[in-house]
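Chemist: Using only what follows, build the 3D model:
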Amino acid sequence: MPTKVSVNSGQITINDGSTFLVTDSYGWIDDNVAQGFFVADTRLLSYYEVSINRDRLLLLASSPINHHSALYQFTNPKFRTVNGTIPDGRLMIGIRRDIVGGMHEDIDITNHHSERVEFQLMLAIRSDFADIFEVKSQQILTRGETETIWKDGKLTTEYRNGSFRRGLITQPECFSSQPRYANGRLFFDVVLDPGETWHTCINFAAIVGDETIYPQNTCAVEHKTEAKQISNDFLSQATKLRSSNAEITAYYQQASIDMAALRIKVEDNGHDFWMPAAGIPWFVAVFGRDSVVVSMQTMAVYHEFAYGTLLRLAQLQATEVDDWRDAQPGKMLHELRRDELTQLKQLPYTPYYGTIDTTILWIVTLAEAYQWSNYQNLLHECRDPLEKALTWIEKYGDFDQDGFVEYQTSSSMGLRNQGWKDSGDSIVYPNGKQVDPPIALCEVQGYVYNAWKDAAQIYEILGEPERAKTLRQKADDLYQRFNDRFWMEEEGFYCLGLDSQKQQIRSIASNPGHLLWSGIVPQERADRLVKRLFRPDLWCGWGIRTLSSQNPAYNPISYQLGSVWPHDNSAIAMGLKRYGYHQEANQIAEGIFAAASYFEAGRMPELFGGIERQPNGFPVPYPDANIPQAWAAGSIFLLIRAMLGLEANAVERSLTVQPVLPDWLPDLDLINLRVGDAKVTLRFWREGEQTKWKVMQLDGELNVYGKGDGEIGR
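Modeler: I've put the predicted structure just below:
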């Protein structure tokens, strides 16, 4: 049993949709750290602690029960009362919290002392209504006006700053003794005979503008919120995995549970859809790049995920030039927020469009979603946004008309770097110095190549062959132009990008690995590219680092200058599979899954350190990594897909497989894999060095074919 590595240890996070709670292991909230009860990107509860006669409870155990609920078990310290001293360990105090619209809390106290006990139960409560960005950065400024009223057994605290309004209603219910409020605390006078139990529940309702979001007053029964019901629906409908390798089965199941918790609602023409949020706790919001990447990662698990993502991003597609938000017509968003600073126009997230690749990947996702679903209406609904996205690529993406798409912010609050490596220091020269935008990243050109080819297929389906022909020609021209300008012959590798002077950024990084997935790499160059990816300065044993360890800027526990990102590696693995490098794709899968074995519950964090893998070592977590994180969880699904070589064509009712299982994964079943309106259960297993496969069950019409070297049988 490997050592378990904790990410953000001492922290418990639960959520219901975009409402979430972050506490320490005791369940308490400290307003001096990044904790609290958050609704609509605002911290409504900033300090919270339960005590007995002001004495701190002794924690016995605490844990999330699921993504919506957490349980904390305490006993009492030795404490004095007016009737004498109570020894420690005589009271059992259980606190359960459920995020159910708002938040519901149950408190139960049982007296195991031989005598009657009398004490005051105190709940210290404060609300600072801090903006989520300021909480995360711990740079909170006081604004607006706050008022607290205790009336009719209900505590209401409201905050106003101009048109911005938030509030928290705290209301004890079904209590065994009457609550009182004074000096920032709720008080309950508790009297318990031996063996007797005392109970109260407390509802925390959120005020967001003119809306009040109430919790379900369910008192620790099974909760059935809309988000939870949708979560359960997702788990029941998603493709399931079974294997004699119990760890892989567990990682897949945990990734499914995490993905279910990260869903947020999309409404379109009277219908409800769901799309993935980026991560808990700080990115439970609409994120363009994350959502389209996750949608592609989950095509073989739940391709409906893409439907909500495509529609929501199309709804929010930019219609005008707005430098403050880095917006241009046809561009897809980066991030949408509802926090105070955004509403007061101090931040540009209304939404903010500072991403170079979301618009391009939206097109790729649209084509992929159609291949898996055969949803004709999806193409028709997205036809106009598709045309606008293609126009954006040529008119605004390639703003200097040099034939490559580049980025540079126009906003005073915009992101300096706008590829997936979007931290301010992520793009460096070989000497470690920062590259100044505009920058044309190598992988973005690959995405454009892929998008033009995919869009051509869509226009063929829509009955516009001439438009399709034009797009294919654009892709062919870019293929030649890109390979002429970005290849570094002496390195056998592609440069990271072109700088503002159109010179190669000759740093060695993980970005060129994405080019394999896009298909822009000539076959004769693929072998050198693959070998370079697995040299020790990039390959650390757990995965491919974001930056070569030979670069002076390398730091294995930085955000994007040498760390390992599971989603980055899963994309590279898919590209390796595309070019026939089955063992190398499996090597990445082994490294990422080996890392997962050390993390609690086998849950992949957003990223972890790029420190070299050693015998008896373990992956080092990155401080403050989001967990669960959507495209980290999605990497589990995509790595499985890469090993099996799954490609769908729902229009032709076909599924292609090219399985090459490694020795550490001797067998694998995919249950209820959906292609169009058909469902299939497939079994894969190793016999010697070969991988065989068989259709175990089929509902609907679907032809399953083997491909190339991986074809063993049907």
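Chemist: Show me the contact partners of the biggest helix by length in the chain.
Modeler: Longest helix in the chain by number of residues (criterion: DSSP state H): helix 465-486. The contact list for helix 465-486, computed with Cβ atoms under 8 Å, 6 or more residues apart in numbering, reads 390, 403-404, 442, 445-446, 448-449, 452-453, 455-457, 459-460, 494-495, 497-498, 504, 520, 522, 525. C-beta: built from backbone N, CA, C; applies to glycine.
Chemist: Helices of the stretch 251-400 of the chain, residue ranges please.
Modeler: 288-297, 304-315, 340-343, 358-373, 376-381, 383-392 (DSSP state H, counting those that start in this stretch).
Chemist: so which of those helices gets nearest Leu58?
Modeler: helix 340-343 (37.5 Å; Cβ to Cβ).
Chemist: just checking, which of the helices of the stretch 251-400 of the chain sits deepest inside the structure?
Modeler: helix 288-297 (a mean of 28; mean count of other Cβ atoms under 10 Å).
Chemist: CA atoms of that helix as CSV?
Modeler: Presented in CSV, the C-alpha positions along helix 288-297 are these (Å, rounded to 0.1, in the frame of the first residue of the first chain):
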residue,chain,number,x,y,z
GLY,A,288,-14.2,28.4,-21.7
ARG,A,289,-10.9,26.5,-22.2
ASP,A,290,-11.4,24.1,-19.3
SER,A,291,-14.9,23.2,-20.3
VAL,A,292,-14.1,22.5,-24.0
VAL,A,293,-11.1,20.4,-23.0
VAL,A,294,-13.1,18.4,-20.5
SER,A,295,-15.8,17.9,-23.0
MET,A,296,-13.3,16.3,-25.3
GLN,A,297,-11.8,14.3,-22.5
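Chemist: the inter-axis angle of that helix versus helix 304-315?
Modeler: 150 degrees (axes from the mean of the first three to the mean of the last three Cα atoms, to 10 degrees).
Chemist: Of the contacts of helix 465-486, grab the buried ones for ChimeraX.
Modeler: Buried residues among these (16 or more other Cβ atoms under 10 Å), as a ChimeraX selection:
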select :390,404,442,445,446,448,449,452,453,455,456,459,494,495,497,498,504,520,525
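Chemist: Now go through the contacts of helix 465-486 and say which are in helices.
Modeler: 390, 442, 445-446, 448-449, 452-453, 455-457, 459-460, 525.
Chemist: Put together TSV for the residues you listed, with pLDDT on each row.
Modeler: What follows is these, written out as TSV (pLDDT from 0 to 100):
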residue	pLDDT
Leu390	98
Cys442	98
Gln445	98
Gly446	98
Val448	98
Tyr449	98
Trp452	98
Lys453	98
Ala455	98
Ala456	98
Gln457	97
Tyr459	97
Glu460	97
Arg525	98
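Chemist: Among the residues you listed, find me the one that's closest to Asn703.
Modeler: Gln457 (19.8 Å).
Chemist: Tell me which residues touch the closest one, please.
Modeler: Contacts of Gln457 by Cβ under 8 Å, 6+ apart are 367, 468.
Chemist: how about Val620, what does it touch?
Modeler: 5, 556-557, 608-609, 611.
Chemist: Out of the helices of the stretch 251-400 of the chain, flag the one nearest Asn616.
Modeler: Using Cβ to Cβ, the helices of the stretch 251-400 of the chain put helix 288-297 closest to Asn616, at 31.8 Å.
Chemist: contacting residues around the closest one?
Modeler: In contact with helix 288-297 (Cβ under 8 Å, 6+ apart) are residues 259, 275-279, 283, 305-306, 309-310, 312-313, 332-335, 355, 357-358, 361-362, 364-365, 368-369, 420, 567, 570-571, 630-631, 634-635, 637-638.
Chemist: for stretch 303-311, same thing?
Modeler: 237, 259, 266, 268, 273-276, 291-292, 294-296, 298-299, 362, 365-366, 368-369, 372-373, 375, 378, 381-382, 674.
Chemist: Same check on stretch 319-330?
Modeler: 317-318, 334, 348, 350-354, 359, 385, 388-392, 395-396, 409-415, 418.
Chemist: Pull out the buried positions in it.
Modeler: Neighbour count says stretch 319-330 has 322, 325-330 buried, by 16+ other Cβ under 10 Å.
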